[in-house]
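Participant: The sequence and its predicted three-dimensional model are supplied below.
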Amino acid sequence: SQQGEEDPQALSIQEGENATMNCSYKTSINNLQWYRQNSGRGLVHLILIRSNEREKHSGRLRVTLDTSKKSSSLLITASRAADTASYFCATAIQGAQKLVFGQGTRLTINP
Amino acid sequence: DAGVIQSPRHEVTEMGQEVTLRCKPISGHDYLFWYRQTMMRGLELLIYFNNNVPIDDSGMPEDRFSAKMPNASFSTLKIQPSEPRDSAVYFCASSSRLRTGGRETQYFGPGTRLLVL
């Protein structure tokens, strides 16, 4: 099964509201990353949080990591229509060079 | 930087035909990854290279799939013969161990949308 599992699978909110997506994983990690995918496009890296970090900010993005619970959350504040996309968490597993992606959360921001 | 370049962007072929997908990674990146994305299975890593050498091909579904990286600026993913279940979007991504962001951050191409009839 996937290393990263996102929750919810789909989320629809009004513009201006905050959006929270969660990711759970199973094995020890070096870091966890979040990517965005607009329809018909490739994935774009948003933010990386290392295993010894608990919280990280980048603009309207806030990522938390709880290694004891093997979970992470991505918060997008003051959402905009342009934030409509699928969001994926990806884990870099200790001892491996590759990323394992979750199934993604499809976020829709309604104007 | 031009980003990761993939060609073709769309490919429609008939079952049994050979399909070749191409990728040009970002200059200076030493890792290259091939992924396949479908609604049912999500994003799957097929194979990745480091300094042009295949490191992990455990995700390659069958012997019908093969990948090469003859030099640092070019890679191919070949399917021969193709089958309808190979229909998917195929992404190439690259990363660098030395550049800002570290080796784990991957830069994706726009993908090749493959339809096998």
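Facilitator: Arrived safely, thanks for sending. Residues are numbered from 1 along each chain as shown, chains lettered A, B, ... in the order given.

Participant: check contacts around the residue nearest to residue B:14 when sequence neighbours are not counted.
Facilitator: Closest residue in space to residue B:14, ignoring its immediate chain neighbours: residue B:117 at 5.3 Å, by C-beta to C-beta, 6 or more residues apart in numbering or on different chains. Where you see a C-beta, it was placed from the backbone N, CA and C, and this is true even at glycine. Residue B:117 makes contacts with B:12, B:13, B:14, B:15, B:84, as judged by C-beta atoms under 8 Å, 6 or more residues apart in numbering or on different chains.

Participant: Looking at the residues you listed, which is nearest chain A?
Facilitator: residue B:12 (16.1 Å; C-beta to the nearest C-beta).

Participant: show me what contacts the spatially closest residue to that closest one that is not a sequence neighbour?
Facilitator: Distance criterion C-beta to C-beta, 6+ apart; nearest residue to residue B:12, sequence neighbours excluded, is residue B:115 at 4.8 Å. The contact partners of residue B:115, by C-beta under 8 Å, 6+ apart, come to B:10, B:11, B:12, B:13, B:87.

Participant: Please check the residues you listed and keep the buried ones.
Facilitator: Applying 16 or more other C-beta atoms under 10 Å in any protein chain shown to these, the neighbour count classes B:11, B:13, B:87 as buried.

Participant: Run through the residues that contact the closest residue to the first one other than its chain neighbours.
Facilitator: So that's residue B:11. Using C-beta to C-beta, 6+ apart and skipping the chain neighbours, the partner closest in space to residue B:11 is residue B:114 (5.0 Å). Contacts for residue B:114 (C-beta under 8 Å, 6+ apart) come out as B:11, B:13, B:19, B:21, B:79, B:82, B:86, B:87, B:88, B:89, B:90.

Participant: how much space is there between residue B:114 and chain A?
Facilitator: 14 Å (C-beta to the nearest C-beta, to the nearest Å).

Participant: Okay, buried residues for stretch A:75-86 please.
Facilitator: A:76, A:79, A:83, A:84, A:85, A:86.

Participant: Which pair in those has the greatest spatial separation?
Facilitator: Farthest-apart pair in the buried residues of stretch A:75-86 is A:79 and A:86; separation 14.5 Å (C-beta to C-beta).

Participant: so where does the residue nearest to residue B:12 fall, helix or strand?
Facilitator: For residue B:115, the element it lies in under DSSP states H and E is strand B:112-116.

Participant: helices or strands next to the lowest-mean-pLDDT helix or strand in chain A in the packing?
Facilitator: Ranking every helix and strand in chain A by mean pLDDT, DSSP states H and E puts strand A:5-7 at the bottom, with a mean of 85. Strand A:5-7 sits against strand A:19-24, strand A:85-93, with contacts defined as 3 or more C-beta pairs under 8 Å, 6 or more residues apart in numbering or on different chains; DSSP states H and E.

Participant: how about 6 Å then?
Facilitator: strand A:19-24 (3 or more C-beta pairs under 6 Å, 6 or more residues apart in numbering or on different chains; DSSP states H and E).

Participant: Hey, what's the angle from whichever helix or strand comes after the strand it packs on to strand A:19-24? Just curious.
Facilitator: On the C-terminal side of strand A:19-24, the closest following helix or strand by DSSP H and E is strand A:29-37. Counting by axes from the mean of the first three to the mean of the last three C-alpha atoms, to 10 degrees, strand A:29-37 lies at 140 degrees to strand A:19-24.

Participant: roughly how far out does strand A:29-37 sit from the chain middle?
Facilitator: Strand A:29-37 sits 6 Å away from the centroid of its parent chain (C-alpha atoms, centre = their mean, to the nearest Å).
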